[in-house]
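A.B. asks: below: sequence and its predicted model.
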Amino acid sequence: MSAQDTVYLIDASVQIFRAWFSVPADFSDAQGRPTNAVYGFAGFLCGLLEQQQPSHVVLAFDESLSSSYRNEIYPEYKANRDPAPEELKRQFAWCRELGEAMGIPCYGHDRYEADDLIGTMSQIWRGRGYNNCIVTSDKDLTQLVGPGDWWWDLSRRKKMDASAVEAHFGVPPHLIADYLALTGDAVDNIPGVPGIGPKTAAKLLQHFGSWEALWSGLEQVPSIKMRGAASVAKKLNDHRDAAFMARQLTEICCDIPEVVANPEAERGTGSSATLERLFDDLGFGPMLRRRCLALC
């Protein structure tokens, strides 16, 4: 996979949350405001840029943590998560400022999540002949992996192409949204079908090959060679509406109009002056500052 024919689509929010929990909280600016998340994010970003030297890279940010279109479908979507504290919200803004100062196109939306921004970008740039490298630890984004693409959890050094996604989940990428709708997703508070676990969901989708075929062929489920097939059929029938609602939540949107109208991914020239001012404000020392400035 060449960095020159690949678009690196970075789930910035995942990396910021990871830094928030892993970098010591005693990192702070002159006013005593925490800066640990942006410090960790800057280190992550420098590492990726130094290692891959991409010509095309995007940072996607979550701005719709409690107001996405999915909350309109299911108000309890992600209701199990505590609201982000103000100390972290402030750092999201700094992280975006950092990315823009380093010449990286940054996207956020008040109604769509970072997943949807990445999904839309992936379709556009695949159509332009580029491969996608989706930098995240979020399993939902494996549904976007097409031929020549990668899902990459850089921090854990785990990378999956389409065949690895299928080996891991038991279904190919284009069935991941169906798989998650059946199993549910505790992280996002999506209920799924009670009693349908990963192995059963994979077995069903392997047998039928599509979401539509599964629901039009429920009468075949009791004859499938798997444990409790008859009870599985009943569970599906009893929770059909919940499953279809979940399916609306698990599918990533790939046609956000604002992104389609401006799908910028080519890395531009950074601003060393902006970086210097930002790092002065944050109180960052010379080592990280030199790394970032060298990448402008």
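C.D. replies: That came through fine.

A.B. asks: any idea how this structure splits into domains?
C.D. replies: 3-162+252-294, 173-250 (automatic domain parsing).

A.B. asks: figure out how far the shortest one is from the centre of its chain.
C.D. replies: Just to be clear, that refers to domain 173-250. Chain-centre distance of domain 173-250: 23 Å, with Cα atoms, centre = their mean, to the nearest Å.

A.B. asks: same check, this time on the first one
C.D. replies: A distance of 9 Å separates the centroid of the chain from that of domain 3-162+252-294, by Cα atoms, centre = their mean.

A.B. asks: ignoring the adjacent residues along the chain, who's closest to the spatially most central residue of the chain?
C.D. replies: Central residue of the chain (Cα atoms, centre = their mean): residue 115, 4.4 Å from the mean position. Counting by Cβ to Cβ, 6 or more residues apart in numbering, the nearest residue to residue 115 once its immediate chain neighbours are dropped is residue 252, at 5.0 Å. No exception for glycine: its C-beta is placed from N, CA and C like everyone else's.

A.B. asks: roughly how far does that neighbour sit from residue 13?
C.D. replies: 14 Å (Cβ to Cβ, to the nearest Å).

A.B. asks: look at those two and report which has more neighbours.
C.D. replies: Neighbours per residue, other Cβ atoms under 10 Å: of residue 252 and residue 13, the larger number sits with residue 13, 24 against 20.

A.B. asks: strands along this protein, start to end?
C.D. replies: 6-11, 56-62, 106-109, 131-135, 150-153, 158-160 (DSSP state E).

A.B. asks: what residues are up against the residue lying closest to residue 208 once chain neighbours are set aside?
C.D. replies: Spatially, and ignoring its direct neighbours in sequence, residue 208 is nearest to residue 214 (4.2 Å; Cβ to Cβ, 6+ apart). By Cβ atoms under 8 Å, 6 or more residues apart in numbering, the residues touching residue 214 are 178, 204-205, 208, 236.

A.B. asks: next step: the residues you listed restricted to helices.
C.D. replies: Assigned to helices by DSSP state H, the following of the contacts of residue 214 qualify: 178, 204-205, 208, 236.

A.B. asks: neighbour-wise, which one of those residues leads?
C.D. replies: residue 204 (26 neighbours).

A.B. asks: okay, that residue: pLDDT?
C.D. replies: Note for residue 204: predicted pLDDT of 97.

A.B. asks: and residue 226, by the same measure?
C.D. replies: 90.

A.B. asks: follow-up on the earlier one: which of the contacts of residue 214 lies closest to residue 72?
C.D. replies: Set against residue 72, the nearest of the contacts of residue 214 by Cβ to Cβ is residue 178 (21.6 Å).

A.B. asks: so who does that closest one touch?
C.D. replies: Residue 178 touches 171, 201, 205, 210-211, 214, 247, 250, counting by Cβ under 8 Å, 6+ apart.

A.B. asks: list buried residues within those residues.
C.D. replies: 171, 201, 205, 211, 214, 247, 250 (16 or more other Cβ atoms under 10 Å).

A.B. asks: turn the residues you listed into CSV, columns for distance to residue 8.
C.D. replies: Converted to CSV, the buried ones among the contacts of residue 178 look like this (distance: Cβ to Cβ, whole Å):
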residue, distance to residue 8
171, 26
201, 30
205, 30
211, 30
214, 35
247, 29
250, 24
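
A.B. asks: coming back round to it: closest one of the contacts of residue 214 to residue 218?
C.D. replies: residue 236 (6.0 Å).

A.B. asks: any idea how far the closest one is from residue 6?
C.D. replies: Relative to residue 6, and taking Cβ to Cβ, residue 236 is found at 40 Å.

A.B. asks: likewise for residue 221?
C.D. replies: 41 Å.
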